[in-house]
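Trainee: Sequence first, then the predicted structure:
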Amino acid sequence: MAKYSENFKLEVVMEYLQGSLGYTLLAKKYGMPDKSPIMGWVRAYQAFGKEGLRRKRSRQVFPVQFKLNVLHFMKQTGASHRETAIAFKINNPSLIANWSRTLQKEGIGCLHEKAKGRPSMSKNHKNKSSKTEKELTREEQLERENELLRLENFYLKKLKAFQENPNAYLEKHKQRWYSNSKKKDSN
């Protein structure tokens with residue numbers, strides 16, 4: 001995929017907005033293989049201004065609750081991925097589509113951010129973990145195991161509740177989002 005400079009994108013967008021050429025002719029004029037990048041640039045410019053044409057230098061990480069709120073907003077208002085992205089100031093609507101697909105296929109647990117790359121090496125990592133286990137008395141080990149089982153049970157109950165009725169679960173755990181969307185109360 002070719003990477004285009006911010007100035008080039010702005011030039012193409014301004015030429016489109018002046019109305020002299022359409023997407024296809026602009027793509028041919030600038031030797032681009034497809035018109036879809038130009039369409040995306042125009043939408044991003046219209047929604048976010050010049051900021052929408054900038055490449056992001058760092059990857060933004062979204063918390064799970066934010067992802068759920070975005071998906072809930074989209075479901076409640078009937079907004080498209082693009083409209084939802086604009087409402088939440090996300091420059092990449094396909095990101096929301098990925099979250100939605102992941103939630104439907106694999107459940108809420110898969111929306112957590114996964115660490116990329118190889119974990120850092122720690123010389124004494126194995127030694128420390130085995131020492132803490134040996135230092136615990138038998139009673140403390142049983143208490144720890146009991147607590148871990150309680151947590152696992154709690155998690156499985158929440159997961160089952162979500163799988164049985166995701167709408168009720170989302171409704172119970174949502175945060176209120178106020179928007180200027182016209183589709184807000186269309187249910």
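Mentor: Nice, thanks for sending it over. Residues are numbered from 1 along each chain as shown.

Trainee: Counting by contacts, list what the helix ranked longest in the chain packs against.
Mentor: Using DSSP state H, we find that the single longest helix of the chain is helix 138-164. If contacts are counted by 3 or more CB pairs under 8 Å, 6 or more residues apart in numbering; DSSP states H and E, helix 138-164 sits against helix 166-173. In short, each C-beta sits where N, CA and C put it, glycine included.

Trainee: show me where the protein has helices.
Mentor: Counting by DSSP H, the helices of the chain are 6-18, 23-29, 36-48, 64-77, 81-87, 93-106, 125-135, 138-164, 166-173.

Trainee: Minimum distance to G117: which of these has it?
Mentor: Nearest to G117 among these is helix 125-135; the distance by CB to CB comes to 17.0 Å.

Trainee: Okay, now the unreliable bits of the protein?
Mentor: Applying pLDDT under 70 to the chain flags the ranges 1-2, 56-59, 114-115, 123-134, 169-170, 172-187.

Trainee: rerun that using 50 as the cut-off
Mentor: 1, 178-179, 184, 187 (pLDDT under 50).

Trainee: How far does stretch 156-173 sit from its chain's centre?
Mentor: 20 Å (CA atoms, centre = their mean, to the nearest Å).

Trainee: Only alpha carbons, please: show that stretch as CSV.
Mentor: C-alpha atoms of stretch 156-173 as CSV (Å, rounded to 0.1, in the frame of the first residue of the first chain):
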residue,chain,number,x,y,z
LEU,A,156,-17.9,-17.6,34.4
LYS,A,157,-21.2,-16.4,35.8
LYS,A,158,-20.7,-13.0,34.1
LEU,A,159,-19.7,-14.7,30.8
LYS,A,160,-22.8,-16.9,30.9
ALA,A,161,-25.1,-13.9,31.6
PHE,A,162,-23.6,-12.1,28.7
GLN,A,163,-23.9,-15.0,26.3
GLU,A,164,-27.5,-15.7,27.3
ASN,A,165,-28.6,-12.1,26.8
PRO,A,166,-26.0,-9.6,25.5
ASN,A,167,-28.5,-6.8,25.2
ALA,A,168,-29.5,-6.9,28.8
TYR,A,169,-25.8,-7.2,29.9
LEU,A,170,-24.8,-4.2,27.8
GLU,A,171,-27.8,-2.2,29.0
LYS,A,172,-26.9,-2.9,32.6
HIS,A,173,-23.2,-2.0,32.2
